[in-house]
Structures are given as C-alpha cells and as structure tokens.
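> Predicted model, plus sequence, below.
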Amino acid sequence: VLVKPFQFLNAGIDTILVKGMESELRISLANSNAVIPIGQQTSYKVAEMSLGQIRERSNADYVLETSVQRIDNQLVLKSSITNLRTTEMGGLGADTIDQEKVIFLAPDLAIRIVEKVQAKLSAEQKLELKKSGTENVEARNLLEKSLHYYNLIQLDTAIQLASQAIALDSNYAEAYTFRG
C-alpha cells in the first residue's frame, strides 16, 4: 500500500499533526503484519503522479489517497484506496475529529485499509493495532512533532520533544524507543 501525502483542502490545518498521523498510519499498517506500507520517501516522489505512472514506477498494489479539510476546530478526512491492477477505487469513509486528536485515527484507518485489500487480521491483531502507545493526547502530539523535526534533521529538537512526551507519560514506550 502506497500512502500518498495527504492533500490539504484549506488553511488552518496543523500540518505537523496531520503529517504525524500519516507516519502513524504507516507504522500501524506495518504493525498489522497483513500489508506492507511503501516507504515515506517513495510516497512523496509519487505525490503528483497519475495512477498509471505509479503502477509503472512502484511495486505497490494499492494507493491510499486522503484529503483533509478543516471545518471550525475539526478536521474531516476522506480516504479512498485504489487497486493499481484493476483501477477499482473504494471509499474508506470520512472521519470528523478534533484537530488535536487526529493522530488517534491511524489505527482505525489502518484496519479499514487492511479489510479493504482483503488481508486477514485476527481479533488479537486488531486489538494490538488499536493499542497505540499512549492515551495522553499531548504526549502523542509531542512525539509526532518530534518525528517531524527528526525528518528535518533537527535532532536536538526531536530528542527534546520526545523527552517531553516521556515526562507526560512515563510508560510511553514508543517515545523511549524514538529518543534512544
């Protein structure tokens, strides 16, 4: 599954949080052991390509496209997945959520993707996908910002933010793993 960069339909969207949700979605898909997400760098290279070009230039079987729109203080995410072999497109529905909680959509969206591509998940795998690190929204957002700064190669800032996430939730294993 190639997760294309999310398309922002209007202003006022916290792009760091939404980009963090994209990363979390890739992690959730990888953790499912049912589908393999294509790497983030490849996803950005194909952002502007047509489906035919993606089919020719990648080894992906499916492409996920998501648009994000802000309405008041909420985000509406609409996702669809396309089978590159048949060009059949399937909607994954729309989600409306408070902007600061967008990261918590990743596990549910990952489950819908896996089901849409007809990969099989056990009840235990679904439960494991839903358990994602911490219940603390602020800690989760700090780790996502940390990942953003890591990708910008601003390591001191990334480590500092991960440490702040740990300070909010001392059991947040992903933050410890990321911080090192």
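In hand now; what should we look at? Numbers count the residues shown, from 1 in each chain.
> all helices in the protein, in order from the N-terminus.
15-32, 40-45, 51-57, 106-116, 123-130, 137-151, 155-168, 173-179 (DSSP state H).
> just flag whichever of those helices has the lowest average confidence.
Across the helices of the chain, helix 40-45 has the smallest mean pLDDT, namely a mean of 59.
> Including mean neighbour count and distance to residue 70, could the helices of the chain go into TSV?
No exception for glycine: its C-beta is placed from N, CA and C like everyone else's. Output for the helices of the chain, formatted as TSV (neighbours: other CB atoms under 10 Å; distance: least, CB to CB, whole Å):
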stretch	mean neighbour count	distance to residue 70
helix 15-32	20	10
helix 40-45	14	22
helix 51-57	14	27
helix 106-116	21	18
helix 123-130	14	26
helix 137-151	21	16
helix 155-168	17	24
helix 173-179	17	27
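> Quick one: closest of these to residue 93.
Distance to residue 93, taken as CB to CB, is lowest for helix 106-116 among these, at 7.1 Å.
> quick one: the closest one to helix 15-32, angle?
Helix 106-116 and helix 15-32 are oriented at 50 degrees to each other (axes from the mean of the first three to the mean of the last three CA atoms, to 10 degrees).
> Packing partners of helix 106-116?
helix 15-32, strand 74-83, strand 89-98, helix 123-130 (3 or more CB pairs under 8 Å, 6 or more residues apart in numbering; DSSP states H and E).
> So for the third one, mean pLDDT?
Model confidence over strand 89-98, given as mean pLDDT, is 88.
> And the contacts of that strand?
The contact list for strand 89-98 (CB atoms under 8 Å, 6 or more residues apart in numbering) reads 64, 71, 73-83, 104-105, 108-109, 112-113, 116.
> Which among the residues you listed count as buried?
64, 75, 77-79, 81-82, 104-105, 108-109, 112-113, 116 (16 or more other CB atoms under 10 Å).
> Next up, the contacts around the residue lying closest to residue 67 once chain neighbours are set aside.
Of all residues not flanking residue 67 in the chain, residue 7 sits nearest, at 4.7 Å (CB to CB, 6 or more residues apart in numbering). Counting by CB under 8 Å, 6+ apart, residue 7 makes contact with 65-68.
> Any quick ChimeraX command for the buried ones out of the residues you listed?
A single ChimeraX command selects the buried members of those (16+ other CB under 10 Å):
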select :65,66,68
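> Could you export the contacts of residue 7 as CSV, including distance to residue 167?
Output for those, formatted as CSV (distance: CB to CB, whole Å):
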residue, distance to residue 167
65, 37
66, 32
67, 35
68, 30
